[in-house]
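**Q** this is the structure alone, sequence omitted:
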């Protein structure tokens, strides 16, 4: 979720919020006033059947509606249709074998490179510059991002959590 006509509400139980709470919404500015489809995920449960459960549909009146939320749940609200719980299955856990090498030549320009996790900034595969042939990974963001944490310089992580003291 997270596209047009969608919102996410999180209720984590902090700040004195230890009981159900009713949230009131008013939709305006040209946004849809149609039915609101509500999905929830119990963040305190390891049971996958409690993730992205369709809870209810709400029909706003005059663009206004209320939703009672519970602590320990994240709610997704949308006026779009066609959503459903995903069916993707993760591959078996494994380690990234060393040594690892990638020329990036097989990637299309403007794509993300495998095993590169941008933290602050935007990194894409592009043609190398300064007379070097082939493709490289380059920081592409022309301006600082809007962040939820203190801003530092652009950086990315590469590799596998199990790597330690790696030298080529």
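**A** Cool, the structure landed. Model, not experiment: these values are computed from the prediction.
**Q** run through the chain and note the low-pLDDT ranges.
**A** 1-17, 166-168 (pLDDT under 70).
**Q** where along it do the strands fall?
**A** Assigned by DSSP state E, the chain shows strands spanning 6-11, 21-26, 36-42, 53-58, 64-69, 73-78, 116-120, 123-127, 135-139, 155-158.
**Q** in a markdown table: the ones you listed, plus distance to residue 147.
**A** (C-beta placed from N, C-alpha, C; glycine too.) What follows is the strands of the chain, written out as a markdown table (distance: least, CB to CB, whole Å):
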| stretch | distance to residue 147 |
| --- | --- |
| strand 6-11 | 18 |
| strand 21-26 | 26 |
| strand 36-42 | 25 |
| strand 53-58 | 31 |
| strand 64-69 | 26 |
| strand 73-78 | 21 |
| strand 116-120 | 7 |
| strand 123-127 | 16 |
| strand 135-139 | 15 |
| strand 155-158 | 12 |
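**Q** mean neighbour count for these - can I get that in JSON lines?
**A** JSON lines is the format used below for the strands of the chain (neighbours: other CB atoms under 10 Å):
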{"stretch": "strand 6-11", "mean neighbour count": "14"}
{"stretch": "strand 21-26", "mean neighbour count": "11"}
{"stretch": "strand 36-42", "mean neighbour count": "19"}
{"stretch": "strand 53-58", "mean neighbour count": "13"}
{"stretch": "strand 64-69", "mean neighbour count": "14"}
{"stretch": "strand 73-78", "mean neighbour count": "20"}
{"stretch": "strand 116-120", "mean neighbour count": "15"}
{"stretch": "strand 123-127", "mean neighbour count": "18"}
{"stretch": "strand 135-139", "mean neighbour count": "17"}
{"stretch": "strand 155-158", "mean neighbour count": "14"}
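**Q** isn't residue 145 up against residue 120?
**A** Yes: assessed by CB atoms under 8 Å, residue 145 is found in contact with residue 120 at 6.2 Å.
**Q** can you pull the contacts of residue 134?
**A** 103, 104, 105, 127, 128 (CB atoms under 8 Å, 6 or more residues apart in numbering).
**Q** and residue 23, how far from residue 58?
**A** 11 Å (CB to CB, to the nearest Å).
**Q** what touches both of these two?
**A** 66, 67.
**Q** and stretch 136-150, what's buried?
**A** residue 137 (16 or more other CB atoms under 10 Å).
**Q** ends of that stretch, how far apart?
**A** By CA to CA, to the nearest Å, the extent of stretch 136-150 from end to end equals 28 Å.
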